[in-house]
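Chemist: Build me a model:
(one chain, ligands or ions: 1)
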Amino acid sequence: MHLSTPQLLEIVAAFPDSTLVFTEDGYCIAHLGDQEAHEFSSSRLLTGRFVSDVFSEEKAKWFLQQIRNSIFEQRLRVSEYAISPDDIRLPNCESAKLEREHWFEARILPLNSFIDGQRAVVWAARNINERYKLEQQLRRLSETDELTGAFNRRRFFESLANHYQTFHRHFLDCSLIMLDIDNFKRINDQYGHPCGDRVLKQVYQQICTQLREVDICARMGGEEFAILLPNTKTSEALRSAERIRIAIEEYTFTTLNHQVDVTVSLGVSSIEVTDSNCDSVLQRADDALYHAKKTGRNQAVQFLEEFSI
Ligand SMILES: Nc1nc2c(ncn2[C@@H]2O[C@H](COP(=O)(O)OP(=O)(O)OP(=O)(O)O)[C@@H](O)[C@H]2O)c(=O)[nH]1
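Modeler: A predicted model of the protein is given here:
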């Protein structure tokens, strides 16, 4: 007993994922399956068209590369990708359904047979919006300090290690600020722990008002924050530190009906060519912070060699 072509087509049409057939020049011959199509399905847009007819130049190039790589390597490739409204160039009613970014996982398998004299692949795309959202949430949770919403130590050290490598590879400056709230114990003792918690949150918010999007601010523990400033020289980092210090000094901290005066001390350092690991830059920022505390608090201090002697 064997299945007829119409029966096979009926069975394939019942597959939940969208299955496309592309020739090596990016033409989509057919789409099958897609029983569980979400509100947006790129398959319908693609059938009978080249990827370059449907997608922006960049996205079409990416599709073509995936198809050709799979053919060249003669193996299954699994790729995750997003399609957003900006990626679609067709003024089509289907594309109007794409109101937000959608995430897909594609399994791209080269076919043994030629189609119209061309090599071809089967592209099985599964919508992974839910999984992607969940992964994002988990990632955010795993790298965030619960109380303040700042990044946590783990994420900070990850970023520092990345920037340390970039510095040594491309000589891209990177500076570090260590910040510690002054006499925080006194705030806790005087107004209570919940009040201290609110101060911590507001300090983080005030730090953020002075940072660029590329900067990384993490709570290192207790009342200490670390701020990583990519592409920033020490002198610029010192100016940023001073701006943060002033923003906090001038901000009115109101916590549970108490008005609390809060100041911070900051130590500034930068990654140096002579550094053999990330710990050195941290140690220098810590030394500068210690100096700021020892010489009166409420100040931003740049690391000087004499601090480590
Ligand atoms: N409310 C609150 N307090 C915390 C938290 N983590 C640490 N602390 C408190 O932070 C205080 C830190 O005190 P110290 O290390 O003596 O430092 P300090 O009083 O800020 O003094 P200097 O740093 O020398 O200016 C301690 O009282 C800790 O209990 C937290 O998550 N919430």
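
Chemist: C-alpha only now, for contacts and for neighbours.
Modeler: Will do.

Chemist: Just the mean pLDDT for the helix or strand harbouring residue 283, thanks.
Modeler: Using DSSP states H and E, the element containing residue 283 is helix 278-294. In this model, helix 278-294 has a mean pLDDT of 96.

Chemist: now check the very next helix or strand once past it, is it near the ligand?
Modeler: Next helix or strand after helix 278-294 toward the C-terminus (DSSP H and E): strand 300-302. No - contact of strand 300-302 with the ligand (Cα under 6 Å from any ligand atom) is absent, the minimum separation being 13.4 Å.

Chemist: can you list contacts of strand 300-302?
Modeler: Identification of contacts with strand 300-302 by Cα atoms under 8 Å, 6 or more residues apart in numbering yields 234, 238, 241-242, 245, 265-269, 285, 288-289, 291-292.

Chemist: One more: stretch 183-202?
Modeler: Contact with stretch 183-202 is made by 147, 148, 149, 223, 253, 255, 256, 258, 260, as judged by Cα under 8 Å, 6+ apart.

Chemist: low-scoring pLDDT stretches of the stretch 1-150 of the chain, where are they?
Modeler: Applying pLDDT under 70 to the stretch 1-150 of the chain flags the ranges 34-42, 91-98.

Chemist: Tell me where it has helices.
Modeler: Along the stretch 1-150 of the chain, the segments classed as helices by DSSP state H, counting those that start in this stretch run 5-13, 42-46, 51-54, 57-73, 93-96, 129-142.

Chemist: buried sites along the last one?
Modeler: In this case it means helix 129-142. For helix 129-142, burial by neighbour count (16 or more other Cα atoms under 10 Å) applies to residue 129.

Chemist: Against which helices or strands is whatever helix or strand comes next after that helix packed?
Modeler: Per DSSP H and E, the first helix or strand lying C-terminal to helix 129-142 is helix 153-170. In terms of contact count using 3 or more Cα pairs under 8 Å, 6 or more residues apart in numbering; DSSP states H and E, helix 153-170 is assigned the packing partners strand 174-181, strand 216-221, strand 224-230, helix 278-294.

Chemist: thinking again about what came up before, just the contacts of strand 300-302 now: which is nearest the ligand?
Modeler: Nearest to the ligand out of the contacts of strand 300-302 is residue 265 (Cα to the nearest ligand atom; 7.8 Å).

Chemist: how close does the closest residue to residue 90 other than its chain neighbours sit to the ligand?
Modeler: Ranked by Cα to Cα, 6 or more residues apart in numbering and with sequence neighbours excluded, the top spatial neighbour of residue 90 is residue 54, at 5.5 Å. Separation of residue 54 from the ligand (Cα to the nearest ligand atom, to the nearest Å): 52 Å.

Chemist: quick one, what contacts residue 54?
Modeler: Residue 54 neighbours (Cα under 8 Å, 6+ apart): 45, 46, 60, 88, 89, 90.

Chemist: Buried only: go through those for me.
Modeler: Of the contacts of residue 54, these count as buried by 16+ other Cα under 10 Å: 45, 46, 60, 88.

Chemist: Let me have those residues in TSV, extended by distance to the ligand.
Modeler: As requested, those are exported to TSV (distance: Cα to the nearest ligand atom, whole Å):
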residue	distance to the ligand
45	53
46	54
60	49
88	47
